[in-house]
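Enquirer: Everything below, folded, please.
(one chain, ligands or ions: 2)
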Amino acid sequence: MTRKREDYISWDEYFMGVAILSGMRSKDPNTQVGCCIVSRDNKILSMGYNGFPIGCSDDEFSWSRDGEELDNKYLFSTHSELNAILNYSGTSLQGAKLYVTLFPCNECAKAIIQAGISTVVYDSDKYADTLSVLASKKMFDAAGVKYIQYKRSGRQVTITL
Ligand SMILES: Nc1ccn([C@H]2C[C@H](O)[C@@H](COP(=O)(O)O)O2)c(=O)n1
Ligand SMILES: [Zn+2]
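Expert: Ligands and ions are numbered 1, 2, ... in the order given. Sure thing, here's the model as predicted:
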């Protein structure tokens, strides 16, 4: 009997891998974030990455981190998590799991909670000390949203495109 292969990627590797790949679409020169939302039975429901809204050209709006507020990216960039929630065309994200490459900000945390997403699996937490992330954790704790840091397996995946 021919047995199944055993070195297939795990669900967590698969969904975080899809989130990482989605982030590669981002035009942000400093931080590329990707997100993948998954149903309770491991079906991919939606994906997103950080970028400007439709109609706001990546070549006309600035990707700067500094300068006047109307001349940098922060008031304009839509975060990967919000894009993934907005990209979802089905009826409900209740009980879904959200994989994201960077811990959600407070604005995305509100959207995650209101969408009924029950679990967040995140990779980097590089802004852990910011008020925004502290507020996200406070809201997730209050709302019962679980947040779990992705445990990197160290597996290298090569894709030739
Ligand atoms: N959870 C997050 C956090 C941030 N983003 C986006 C927003 C910006 O485009 C970029 C952060 O820029 P930085 O301040 O690191 O230069 O990442 C997101 O999509 N999701
Ligand atoms: Zn956000």
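Enquirer: correct me, but Met24 touches Asn50?
Expert: No: contact status for Met24 versus Asn50: not in contact, 11.5 Å apart, counting by CB atoms under 8 Å. All C-beta atoms are positioned from the backbone trio N, CA, C, and that covers glycine.
Enquirer: Count the residues that sit near Ala19.
Expert: 30 (other CB atoms under 10 Å).
Enquirer: any common contacting residues for Met24 and Asn50?
Expert: Shared contacts of Met24 and Asn50 (CB atoms under 8 Å, 6 or more residues apart in numbering): Gln32.
Enquirer: Looking at those two, which is more packed in?
Expert: More crowded of Met24 and Asn50, by other CB under 10 Å: Asn50, with 25 against 9.
Enquirer: Give me the phi and psi for that one.
Expert: The phi/psi pair for Asn50 (degrees, to the nearest 10) reads phi -80, psi 130.
Enquirer: change the start of the numbering to 4 and stick with it
Expert: Fine by me, first position is 4 from now on; the one you just mentioned is Asn53.
Enquirer: just checking, it touches Tyr77?
Expert: No: with contact defined as CB under 8 Å, Asn53 does not reach Tyr77; the gap is 11.1 Å.
Enquirer: can you tell me which residues contact Asn45?
Expert: Trp14.
Enquirer: helix/strand/coil for Trp66?
Expert: Put simply, Trp66 is coil when judged by DSSP: H, G, I helix; E, B strand; the rest coil.
Enquirer: Noted, bye for now.
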